[in-house]
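**Student:** sharing a model that was predicted from the sequence below.
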Amino acid sequence: MADFKPKERKCRIDPPIGVSIMCVFEPERENEIYQLLRKPVRVKGEATLQPYTDKIDSVHIDEISALPSLSLGEGNFFTRSSIAELAEIQNVKPLTDPSVLAGGIPNDQDVDEFLGEIYSTRK
């Protein structure tokens with residue numbers, strides 16, 4: 001959805017999860033916004049937050065770009081991409097510090113017992 005009024009240029013972005021986000025943009029972006037109107041996009045800009053909730057009230061669009069189809073998984077399920085290609089497309093970096101994984105299981109609990117509890121509740 002977009003509104004191209006001379007005094008107030010707005011559009012709405014509907015994320016895959018969550019509520020719609022209202023955006024405002026400058027007149028120079030009208031054609032760009034219009035071309036991307038019904039396409040999945042990534043927006044960068046300055047957000048205004050609602051008081052007391054810290055939810056996004058609106059975003060002033062500084063940059064907008066179409067998302068590549070692989071980001072959405074459209075028609076790419078059966079493509080033969082290598083692990084390296086998928087990692088690059090999804091901007092996944094190697095784990096450099098394994099200590100960030102620490103703390104997932106309490107020190108006083110046995111890992112096998114912990115996993116056993118998880119699997120038993122799934123049955």
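**Tutor:** Happy to help now that I have it.
**Student:** what lines up beside the longest strand seen in the chain in the sheet?
**Tutor:** What stands out as the longest strand in the chain, according to DSSP state E, is strand 56-66. The pairing partners recorded for strand 56-66 under DSSP bridges are strand 21-24 (parallel), strand 41-49 (antiparallel).
**Student:** where does this protein have low pLDDT?
**Tutor:** 69-78, 123 (pLDDT under 70).
**Student:** stretch 67-79: end-to-end distance?
**Tutor:** Distance across stretch 67-79, first residue to last, is 18 Å (C-alpha to C-alpha, to the nearest Å).
**Student:** same thing with stretch 97-107?
**Tutor:** For stretch 97-107, the end-to-end distance is 19 Å (C-alpha to C-alpha).
**Student:** ok, and what's touching the longest strand of the chain?
**Tutor:** Applying C-beta atoms under 8 Å, 6 or more residues apart in numbering, the external contacts of strand 56-66 come out as 11, 13, 21-26, 29, 32-33, 36, 39-50. All C-beta atoms are positioned from the backbone trio N, CA, C, and that covers glycine.
**Student:** before we move on, what about stretch 44-55?
**Tutor:** The contact list for stretch 44-55 (C-beta under 8 Å, 6+ apart) reads 23, 56-64.
**Student:** want to throw the residues you listed into a markdown table with neighbour count and distance to residue 96?
**Tutor:** Converted to a markdown table, the contacts of stretch 44-55 look like this (neighbours: other C-beta atoms under 10 Å; distance: C-beta to C-beta, whole Å):
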| residue | neighbour count | distance to residue 96 |
| --- | --- | --- |
| 23 | 23 | 35 |
| 56 | 16 | 31 |
| 57 | 12 | 36 |
| 58 | 17 | 36 |
| 59 | 19 | 32 |
| 60 | 13 | 34 |
| 61 | 21 | 33 |
| 62 | 12 | 30 |
| 63 | 10 | 28 |
| 64 | 19 | 32 |
